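1. have a look; sequence and predicted model below, questions after that.
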Amino acid sequence: AQCIRTYTVVLGNTCDLISEKEGVSSFQLTSVNSATINSKCSNLFIGEVLCLATQEEDCTDVFVVQSGNFCEEIADNSGISVTLLIENNPNVNEDCTNLRPGEVCVLFELKMVAIG
């Protein structure tokens, strides 16, 4: 898939910080860059160019998880169901017990982006 948005890694970046700054989900960032980013996102290097979105997948309606947040609260405050929240964030388990502060979640359905 063709990359339509990119980001160049700078000193101090983490996947969650990049996701928050650029408005993409943590899952999308690691998924789109699965050939270069490991599952813990511990192998970023300064100057590395990451893909933020592809023609098929560009999620920009996101929420940054804070300490104490839980799925029901995030879903209620965003006007979506917990089911949709979990479906849109494959990195969140079905019991929603693995949310972590700093993680960036998609709030709405994935959007297809028309190019041209």
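-> Received it, and whenever you're ready, just let me know what you need.
2. for Cys96, see how far away the residue nearest to Gly23 when sequence neighbours are not counted is.
-> By the measure of CB to CB, 6 or more residues apart in numbering, the closest residue to Gly23 outside its immediate chain neighbours is Thr60, 4.8 Å from it. For every residue, glycine as well, the C-beta is placed using N, CA and C. Relative to Cys96, Thr60 is positioned 22 Å away (CB to CB, to the nearest Å).
3. which intervals of this protein have sub-threshold pLDDT?
-> For the chain, the stretches flagged by pLDDT under 70 are 108-116.
4. okay, which residue is most central for it?
-> The central residue of the chain, meaning the one whose C-alpha is nearest the mean C-alpha position (CA atoms, centre = their mean), is Ser25 at 1.2 Å.
5. skipping adjacent residues, who's closest to it in space?
-> In space, and not counting its chain neighbours, Ser25 is closest to Val106: 4.5 Å by CB to CB, 6+ apart.
6. now Leu44
-> Leu44 sits nearest to Val9 (CB to CB, 6+ apart), 5.0 Å away.
7. sorry, back to before: my read: the residue nearest to the centre of the chain touches Asn89, true?
-> Yes: the criterion here is CB atoms under 8 Å, and Ser25 meets it with Asn89 at 6.5 Å.
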